[in-house]
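> Pasting a predicted model and its sequence here:
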Amino acid sequence: MPENIAFGILALVATLAALRVVTTRNVVHAALYLVVVLATVGALYVLLAAEFVAAVQILIYIGAILVLFLFGIMLTRPTIGTDTGLDNDQRWIAGVTGLFLLGVLSFVLVDAFGDEQLPDLGGVSREALTAERGTAAVGDAIFSTYLVPFEVVSVLLLAALVGAIVLARRD
Amino acid sequence: MLESIWVIPAVTFASFWLILFFGKRLPKHGAEIGIAALGIAFVLSCVAVVEWNARPADEVVEAGHETGALEEGHGGAEVDDEGHALGEVQTLALESAVEAEGGEGEHEAEPIRSAVERNLTWFSFGGVDVTVGTAVDGLTVVLLFTVALISLLVHVFSTNYMHGDVRFTYFFAALSLFTTGMLLLVVSSSLLQALFGWELMALCSFMLIGHWWEKKPNSDAAMKAFLTTRTGDIGLLVGIVIMFFAAGQTFDIAAINEAALSGAMAETALVAGAAALFIGVIGKSAQFPLHTWLPDAMAGPTPVSALIHAATMVVAGVYLVARLYGVFWEAFDIGAGGVNPIALIGGITILIAAALAFVQTDIKKVLAYSTVSQLGYMVMALGVGAWTAAIFHLFTHAFFKGLLFLGAGSVSHAVHSFEMKDDMGGLRKFMPVTYTTFMIGSLALAGLFPFAGFWSKDEILLGAAENGYRLFEVVGIVGAFMTAAYMTRCVYLTFFGRYRGHGHPHESPPAITVPLIVLAVFSVGAGFLNFPGFERFFELTENRVFLLAGVEHHSFEVFPAVVSSAVVLAGLAFGGMLFFARHLPRGVTARSGAARAGYSFLVNKYYLDHLYTGVVIGSIKGGIARAAYWINQKVIDGVVNGVGIASKRTGSWVYRHIDQQVVDGAVNGAGFGAEGFGGILRTIQTGRVQQYGALLFGASAVLALTLVIFI
Amino acid sequence: MLVNQFLILGAVLFCIGVYGVLARRNGVLVLMSIELILNAVNINLVALGSLQGPEAAVAGQVFTLFVVTIAAAEVGVGLAIVLLIYRNRASVDLDEVDLMKG
């Protein structure tokens, strides 16, 4: 039960913060709300016993990507403050599309998974849990089973790096 | 040393980083690090050669591959140093010697030196261990020696040649890295690791060919070299993957060879893999369809050309075929005679490139085409089963081609140009050392007794003849004739006649002439390593794979050697007649009109000369060569353009005749209708991505809903 | 815990992200909304993996890590593009970027 309470709080915070991300009139605030969303999602990973992913979520998303965003804002916004022109005129179309999509998705999810329970990990000993799905297990999987995708991702990062430099440099 | 051969590439690799970080601050701007590293690498290579030479011949390989190499179960390293294993193997060999036919059995039962292997597991995935390591055998030590020596001399040469260059330090760093790539390739025991060296060279060749990238043609040439070799590398990559699976999930070169020879590989996979690998070889070694990059690569600084064309990059392809000889042998039935792709490509390359060398006016381009042609010899030799001959030619060619390129560099250093017709001529008097060494290199390239080229070329021809490839022997002889003739032209235009350039050429300083002299010594002497009755080279490079395959080595024979020498002499005479002799009548006719009238009977001779120049050279130079050059430039380079133009023409024809007249009339009516409808649709084509996004998400939600409802 | 708790939360975040992508005019905000979408997907990956037992849980986590990596790359390139637009037009208003207008 306590985990359900925790989930409820986290889900509420995440939803509200996400809504603020897409509705706020201040770009910097949007970025800060995004921090909240990302942090709560990280906490959800902990609930799901995925502590390494949670750590990565905090480190990479909040530590790196968010900083990138702030740089982006800094470099593209001469004035920082509220701005009425952040939304375009198809807000209503977008809202309808989003709600419609949510309806369809929820229907499908409820239809498919019903009230299926996640396996209860409370009874499993901590050692067993770590061995099964802990950081070490994830590390083993990355460097054995998923070695090739891992290498491919590293090449992709390199390509993105080069691409970003090419796009952004002044010449 | 043989166990820890990895030190050699490691030294040059360290040199790369040191030059990069500290080079600029040193008094010689990093050149001293490069030379020191290459000096160490060279000494270590010499040690490796000596140790290999001193290594006891302890492995006996059964003759013929049919007996099944895998059952024997001795990887090179295991037999190493184990006395008791020796007896066991020899028993096996005795049995096999009985089975082997006639006299050959005795020869092949002689023990050879076993390869020294050392492997570490790099990583493993899906239950497969990928290893890195070194494998040292005769082929490796020979190449190590050659590469280290040539690279050392090129470094020394460059200190003077590149003096004052804006990117002097960077140049030396790239040279070190380039050498590392080749050394790594040579010592690799696995294909994956070899690929690293291979690609490292591709990268460095790009950097070095485009060293003076401020000029557009140079960076274009670098791009062309990179992309062309890359085209081939696709084949290589595919081939490596096929080999990996065909040989039972291993990248180990020795294991792949054994699997191919023992018949453990599926026939289709073997042939497809070998063909794919050979495409990589064609790209790297500048063989026939993909040879166009090499002459363009002359845009790089001359020492780079010497390094790329003499010892490293282009011979990497030849090395790969030699290394994976078991695979190619089985896949293309090399031992069976007849025609196979390797020999065919090699043969075509010899002739085409030699013909092209006639029409070049740039001294480096003559040498470039001659390199292509000589690589053709090596590939052809491998294709006809003359393994040792190919490696031997690789070895000798490295010296004399390195010599010729550095000689051309020395010449250009003096006259500041590469154009033989406009800026050279008569340099013999100004640059005696360069002239003498260049002559030695040319004669070695032409294959005149007793220079190095003679011995190796002769072995190739002999191998072709003895293995039942008469056609390719003829190709080789024709190629030898052409080589002799175009080198005569090149030497004539550069060193004889009248000086046509400007300024005062002078002999180059010792940093340039000393490498030339060293290489000249090797160009004369290297051939004697396989002197009849001595045959040290053959004994050194003898390895397990070609014994398993049953490759035969043929000793020197007098008659073919005489024939090839005669052909070379004829070629030299032919070239001499065309170029040196033409010099004489021109002088006479230039003197006065009266003299011309007085020697009217000599006019016939001039006419004969005209006949030679007009008809003979005309047909070779104007006709065949130019046609080949034309094909080269227009057909091969322009095949894509051609397709483009053709489709454009077709398109415009269709546009004019069908579209405008037939279709248009019919469509106009419909068009007006469509225009009205399109006007309506146009309103949603706002060009705003987000609106498209809304439509996309909305539509996919609708689709998902219908899917949920109806299924 | 129900698996649907997580999946529906994912769906909610996803749809909010979609709304943001469609309704926002500022290029940087659109990129942020894309991050919301990617996070929604990550929640699904981890939750569904956890549902299927230890091995799938590890697989789900590994793929989440890949998605995070790719998101980082995407933000890098995306922001470079936004900067380029800003430099050319002195604004990051996506409504003004309508070169595809028919």
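That came in fine, so what should we check first?
> downstream neighbour of the strand or helix carrying B:Val132 in the secondary structure list?
Element membership of B:Val132 [criterion: DSSP states H and E] is strand B:128-136. Moving toward the C-terminus from strand B:128-136, the next helix or strand (DSSP H and E) is helix B:138-161.
> tilt between that following helix and strand B:128-136?
Computed by axes from the mean of the first three to the mean of the last three CA atoms, to 10 degrees, the angle separating helix B:138-161 from strand B:128-136 equals 70 degrees.
> How many residues are close by B:Leu307?
Using other CB atoms under 10 Å in any protein chain shown, B:Leu307 has 31 other residues around it. In short, each C-beta sits where N, CA and C put it, glycine included.
> I meant to write C:Arg89 there.
By other CB under 10 Å, the burial measure for C:Arg89, its neighbour count, is 11.
> With A:Leu147 instead?
16.
> if I pick the residue nearest to A:Ile58 when sequence neighbours are not counted, what's in contact with it?
Sequence neighbours aside, A:Gly42 is the residue nearest to A:Ile58 in space, at 5.1 Å (criterion: CB to CB, 6 or more residues apart in numbering or on different chains). Residues near A:Gly42 by CB atoms under 8 Å, 6 or more residues apart in numbering or on different chains: A:54-55, A:57-58, A:61-62.
> What pLDDT does the model give residue 4?
Because you didn't say which chain, this covers chain A. pLDDT for A:Asn4: 87.
> that answer is for a different chain, and I need it for chain C
88.
> so it touches A:Asp111, yeah?
No - using CB atoms under 8 Å, C:Asn4 makes no contact with A:Asp111, being 10.4 Å away.
> Extract the residue ranges of chain C that are flagged as low pLDDT.
Residues of chain C meeting the criterion pLDDT under 70: C:100-102.
> Enumerate the residues of chain A near chain B.
By the rule CB under 8 Å from any CB of the partner chain, the part of chain A lying against chain B is A:88, A:90, A:93-94, A:96-98, A:100-101, A:104-105, A:107-108, A:111, A:143-145, A:147-148.
> Mind doing that once more with 10 Å?
A:88, A:90, A:93-94, A:96-105, A:107-108, A:111-112, A:143-148, A:150-151 (CB under 10 Å from any CB of the partner chain).
> of the residues you listed, buried ones?
A:88, A:90, A:93-94, A:97-98, A:100-102, A:104-105, A:108, A:145-147, A:150 (16 or more other CB atoms under 10 Å in any protein chain shown).
> ok so, going back, and chain C, which of the residues of chain A next to chain B reach it?
Within these, those near chain C by CB under 10 Å from any CB are A:88, A:90, A:93-94, A:96-105, A:107-108, A:112, A:145-146, A:150.
> host element of A:Leu66?
Residue-wise, A:Leu66 maps onto helix A:66-76 under DSSP H and E.
> Equivalent analysis for B:Phe13, please.
Per DSSP H and E: helix B:7-22 holds B:Phe13.
> phi, psi of the residue lying closest to C:Met32 once chain neighbours are set aside?
Spatial nearest neighbour of C:Met32, excluding adjacent residues (CB to CB, 6+ apart): A:Leu34 at 5.3 Å. Dihedral pair for A:Leu34: phi -60, psi -40, per degrees, to the nearest 10.
> A:Leu34 reaches A:Tyr61, doesn't it?
Yes - contact criterion CB atoms under 10 Å: A:Leu34 and A:Tyr61 qualify, at 8.7 Å.
> Show me whatever sits in contact with both of these two.
Here A:Leu34 and A:Tyr61 have C:35, C:39 as joint contacts, going by CB atoms under 10 Å, 6 or more residues apart in numbering or on different chains.
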